[in-house]
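> Turn this into a structure:
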Amino acid sequence: MRAAPLLVLLAGACHAGGSIARSPVALRPACGTPEFWDGTRCAPRGDAPGHLARSKAALDEQNVDTANQALDAAAKAGPLDHEANIALWEQRGIAASFAEDDAKARAAFEMLLALDPGHFLSYQLSTKATFRFEKVRNEAKSAGAPALDVDWAFGQKVGAPVKIDVSVLADPKQFLHKATLFVRTRGEPAWRAADVPLANSDTDHHLVLPPIHAEKAVSLELYLKAYDERGNEVLTWAAPARPREIPLRYDPPRPWWQKWWVITIAGTVAVAGTAGIVYAVTREPPSTVEGGGMVR
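Numbering: from 1, shown residues only. Next up is the predicted model:
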């Protein structure tokens, strides 16, 4: 059964006099891989992958100037997906290392590790890059990585709104600007999306999805992507190929004879019948008259 494509209620952190403002947010179709959501529609991405390929070819020749030109073009061709964003900062760090610009190399590798904490550089690269990267990677272990959490209550059920919480756990680079939660009922081919602001990292963001209508227990699949101010993808939680699941239990409807209105009517009829019997016994005159008279 399909999820109702109606509304998601987003309870943001807009406090006014101590109250939490709630505003409805429409579920929208998810954009395809080569597209991004520009606020009104799914728009095509720029040619960042092409610029990154040219930059890598230049770096293989240690042509730093050509590589930097291609990297600047890639950054302007955004917003970048997560893979392209990682490649951009990896190549920026390598280019800066080749140019012996320690400050720029450090900044680039720090951003790279924020995007992908488990990242490694190929040891086939020049030691100018690998030594700087390893130094930054060892220091980054104590700094912590950006983290988001998506949580929900257990025991949710078919036919009831689905409640989900999105929380920012850590944001050392302060780049978690917004997120998109992608959802679908398991077995459906298409994803739908709800956009979540992440401007205040101290706030839990509460989403209420419309009920899933089905005649059996189902699972709701979901994953999340987070973006910086420019719309570049900076963090992922789960993935389309490995989504998380919210099980929704199914409570079958009660048989008609157990429904409240049937029980109420039956009870009323029983009470009325009992009252009629009592009245008949105590109030109706007898069908014969007994008595005695004087015999003459």
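> C-alpha only now, for contacts and for neighbours.
Fine.
> which residues of the chain fall in strands?
7-16, 19-26, 28-29, 35-37, 42-44, 147-152, 162-170, 178-185, 192-197, 204-209, 218-227, 233-237, 244-248 (DSSP state E).
> Make a markdown table out of the ones you listed and add mean neighbour count and mean pLDDT.
Below are the strands of the chain laid out as a markdown table (neighbours: other C-alpha atoms under 10 Å; pLDDT from 0 to 100):
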| stretch | mean neighbour count | mean pLDDT |
| --- | --- | --- |
| strand 7-16 | 17 | 38 |
| strand 19-26 | 13 | 45 |
| strand 28-29 | 18 | 92 |
| strand 35-37 | 18 | 94 |
| strand 42-44 | 15 | 95 |
| strand 147-152 | 16 | 93 |
| strand 162-170 | 18 | 91 |
| strand 178-185 | 21 | 95 |
| strand 192-197 | 20 | 92 |
| strand 204-209 | 21 | 86 |
| strand 218-227 | 22 | 96 |
| strand 233-237 | 21 | 96 |
| strand 244-248 | 19 | 95 |
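> CSV for those strands, including distance to residue 51?
Below are the strands of the chain laid out as CSV (distance: least, C-alpha to C-alpha, whole Å):
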stretch, distance to residue 51
strand 7-16, 38
strand 19-26, 35
strand 28-29, 29
strand 35-37, 17
strand 42-44, 16
strand 147-152, 29
strand 162-170, 32
strand 178-185, 26
strand 192-197, 29
strand 204-209, 37
strand 218-227, 21
strand 233-237, 18
strand 244-248, 34
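> Of these, give the one that comes closest to residue 110.
Of all the strands of the chain, strand 233-237 sits nearest to residue 110, with 13.1 Å by C-alpha to C-alpha.
> which strands and helices sit next to that closest one?
helix 82-98, strand 147-152, strand 218-227 (3 or more C-alpha pairs under 8 Å, 6 or more residues apart in numbering; DSSP states H and E).
> Partner strands of it, with direction?
Counting by DSSP bridges, the strands paired with strand 233-237 are strand 218-227 (antiparallel).
> Residues in contact with the strand it pairs with: which ones?
Identification of contacts with strand 218-227 by C-alpha atoms under 8 Å, 6 or more residues apart in numbering yields 158, 175-186, 233-240, 243-250.
> mind running it again at 6 Å?
Taking contacts as C-alpha atoms under 6 Å, 6 or more residues apart in numbering, the residues outside strand 218-227 that touch it are 176-186, 233-239, 243-248.
> about what we covered before: out of the helices and strands packed on strand 233-237, which gets nearest to residue 49?
Closest among these, using C-alpha to C-alpha: helix 82-98, at 6.7 Å.
> So for the closest one, what gets flagged as buried?
Neighbour-count burial for helix 82-98 flags 82, 84-98 (criterion: 16 or more other C-alpha atoms under 10 Å).
> Looking at those residues, spot the one nearest residue 136.
The closest of these, once distances to residue 136 are taken by C-alpha to C-alpha, is residue 93, at 10.8 Å.
> Excluding chain neighbours, what is closest to that closest one?
Nearest residue to residue 93, sequence neighbours excluded (C-alpha to C-alpha, 6 or more residues apart in numbering): residue 105, at 4.3 Å.
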